[in-house]
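Enquirer: Whatever this is, show me its structure:
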Amino acid sequence: MTLQALPHSRVPGSRDAPTLRWGIMGPGWIAERFTESIQAHTGQVIAAVGSRSVNRSKAFAEAYNVPAAYGSYEELAVAPDIDIVYVCTPHTGHHAAAVLAIDAGKHVLIEKPIGLNADQARDIAARAGAAGVFAAEAMWTFFLPKFDVIRQILEAGTLGSITTVVAEYGEHFDPSHRIFDPQLAGGPLLDLGTYPLALVTEVLGSPHKLHAIGQPHESGVNAQLSAVMQFDGGAQAVVNTHLHNFTPTAATIVGSKATLTIEGYFTMPGAFEVRFPDGTRLRYDEPAGGHFEGLHFEAAAVARAVAGGSTEASQRTLAASIGTLEAADEIRRQLGVVFPGESGVPGISARP
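Expert: Numbers count the residues shown, from 1 in each chain. Got it, this is the predicted structure:
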């Protein structure tokens, strides 16, 4: 029997969430978008900002009316006036920054990726567990209202048995962008590819077969990669990501009973459609938007979790973050991509 209507989002209003005092670790572009979003849409408080440059911290604090500015990550981590640290340093600094905060007894929300590799993610999870503090990856997409509806559709079995997931994300960058810097773990995988890869592993779990192909960039980073995966039960997935130019950034989840297509950007607020073999189409509509319209949902969800005594976010568990990085590690192992500080990439036990 064809579904007659889609479920409604269960995501509460962001302004109703309990208030936490946030410390920003790394005042860059995403920190600006995060601050703008939560100041506009929530009651959360940005209480402090920390940077390796006190001048950068002070400039950020002045621009966003933040009361405290620190000239090091260490100072921010031990600051008494914050409850939680939002880690948004460059990728190569996520693990060390998170450890600083956790060791200081602070809760942490860590920008994606939670670490450079699965070992770093496991270490963060273990340290947070031992300290009894909240820790989560800021994979903001999974906190959006539309993904709560998608989650309900999947849990209800509306699509039937999932057979295929296809997702892609390509974008154009100025040559000066850090994505072209090998010393900053550049290349599209951690910046863009983490979104389609996370969607695949959220829906299907860990692959037991994975085959990746890549294309190098003259800067020394990976320019493009594609991966084909197979999962227990026979389901397959295909992902592509690159830094050449913009793509639709769409995603499709195919099941035995229906197909769910998420319009681009699938990572952001927007619409999706469920199509059944008899021609019935059910559409979920919400205004398309960017980071300003969407980042506040993850902040509010984290505040609710912390206030409720949870040490993880149900929308993006630490196990899920580790699983995505395990797949990313295997992709890099096959392509020979090693990030700063790594002696090698172990990868998952993919069977040929």
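
Enquirer: And A223, how close does it get to I213?
Expert: 12 Å (CB to CB, to the nearest Å). In short, each C-beta sits where N, CA and C put it, glycine included.

Enquirer: how near is the one residue sitting closest to the centre of the chain to L335?
Expert: The centre of the chain sits closest to M139, judged by CA atoms, centre = their mean, with a distance of 2.2 Å. M139 sits 23 Å away from L335, going by CB to CB.

Enquirer: Report the buried residues of stretch 303-323.
Expert: By 16 or more other CB atoms under 10 Å, the buried positions in stretch 303-323 come out as 303-306, 311-313, 315-318, 320-323.

Enquirer: from those, which is closest to N240?
Expert: For these, the minimum distance to N240 (CB to CB) is 19.8 Å, reached by G323.

Enquirer: helices or strands up against the one helix or strand that closest one maps to?
Expert: According to DSSP states H and E, G323 maps onto helix 318-335. If contacts are counted by 3 or more CB pairs under 8 Å, 6 or more residues apart in numbering; DSSP states H and E, helix 318-335 sits against helix 118-131, strand 135-138, helix 194-204, strand 209-216, strand 222-230.

Enquirer: Need the CA coordinates for it. PDB is fine.
Expert: Extracted in PDB, the C-alpha atoms of helix 318-335 (Å, rounded to 0.1, in the frame of the first residue of the first chain):
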ATOM      1  CA  LEU A 318      30.300   8.900  17.800                       C
ATOM      2  CA  ALA A 319      30.100   5.400  16.400                       C
ATOM      3  CA  ALA A 320      28.600   6.900  13.200                       C
ATOM      4  CA  SER A 321      31.400   9.400  13.000                       C
ATOM      5  CA  ILE A 322      34.000   6.700  13.400                       C
ATOM      6  CA  GLY A 323      32.300   4.500  10.800                       C
ATOM      7  CA  THR A 324      32.500   7.300   8.200                       C
ATOM      8  CA  LEU A 325      36.100   7.900   8.900                       C
ATOM      9  CA  GLU A 326      36.800   4.100   8.600                       C
ATOM     10  CA  ALA A 327      35.500   4.200   5.100                       C
ATOM     11  CA  ALA A 328      37.400   7.400   4.400                       C
ATOM     12  CA  ASP A 329      40.600   5.800   5.700                       C
ATOM     13  CA  GLU A 330      40.100   2.900   3.300                       C
ATOM     14  CA  ILE A 331      39.600   5.200   0.400                       C
ATOM     15  CA  ARG A 332      42.800   7.000   1.200                       C
ATOM     16  CA  ARG A 333      44.700   3.800   1.700                       C
ATOM     17  CA  GLN A 334      43.700   2.700  -1.800                       C
ATOM     18  CA  LEU A 335      44.600   6.100  -3.300                       C
END
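
Enquirer: what mean pLDDT does that helix have?
Expert: Across helix 318-335, the average pLDDT comes to 98.

Enquirer: ditto for stretch 85-97
Expert: In the prediction, stretch 85-97 has an average pLDDT of 97.

Enquirer: and what of stretch 116-130?
Expert: 98.

Enquirer: List the buried residues for it?
Expert: In stretch 116-130, counting by 16+ other CB under 10 Å, buried: 116-125, 127-128.

Enquirer: again, but for stretch 173-186
Expert: By neighbour count on 16+ other CB under 10 Å, the buried set for stretch 173-186 is 173, 179-182, 184-186.
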